[in-house]
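Engineer: Sequence isn't available, so here's the structure alone:
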């Protein structure tokens, strides 16, 4: 399923998509996919909520300059 095409997750009218990043390996490809999804959701009036990211993944997001686009919620 493509998140970016009509009929994908962006056409559901939801307010936010929560993405559990537990066990996700930090890589440029991961960050790229998350950033593209965040932008697509934002264009549809929704947002991406990221949870349970590893410290390494958070560090990579910050290193790539995407901390404002890919905001990781603090663990509770």
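Structural biologist: Here it is on my side, so go on. Predicted model only: the values in this text are computed from it and were never measured.
Engineer: only C-alpha atoms for contact and neighbour calcs from this point on.
Structural biologist: OK.
Engineer: now the longest helix anywhere in the chain, how far from the chain's geometric center?
Structural biologist: When the chain is parsed with DSSP state H, its longest helix is helix 28-43. The gap between where helix 28-43 is centred and where its chain is centred comes out at 6 Å by Cα atoms, centre = their mean, to the nearest Å.
Engineer: and it, what other elements does it pack with?
Structural biologist: Judged by 3 or more Cα pairs under 8 Å, 6 or more residues apart in numbering; DSSP states H and E, helix 28-43 is in contact with strand 47-51.
Engineer: buried stuff in the strand it packs on?
Structural biologist: Residues of strand 47-51 classed as buried by neighbour count (16 or more other Cα atoms under 10 Å): 47, 48, 50, 51.
Engineer: Now render the residues you listed as JSON lines, adding distance to residue 41 and pLDDT.
Structural biologist: Formatted as JSON lines, those follow (distance: Cα to Cα, whole Å; pLDDT from 0 to 100):
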{"residue": "47", "distance to residue 41": "5", "pLDDT": "92"}
{"residue": "48", "distance to residue 41": "7", "pLDDT": "94"}
{"residue": "50", "distance to residue 41": "13", "pLDDT": "96"}
{"residue": "51", "distance to residue 41": "17", "pLDDT": "95"}
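Engineer: can you tell me which residues contact the residue positioned nearest the centre of the chain?
Structural biologist: The residue lying closest to the centre of the chain (Cα atoms, centre = their mean) is residue 34, at 3.8 Å. Residue 34 sits next to residue 70 when contact means Cα atoms under 8 Å, 6 or more residues apart in numbering.
Engineer: Closest one to residue 61 out of the buried residues of strand 47-51, please.
Structural biologist: Closest to residue 61 out of the buried residues of strand 47-51 is residue 50 (11.6 Å), distances taken as Cα to Cα.
Engineer: Make sure that closest one is actually in contact with residue 73.
Structural biologist: Yes. Here residue 50 reaches residue 73: they are 5.9 Å apart, a contact under Cα atoms under 8 Å.
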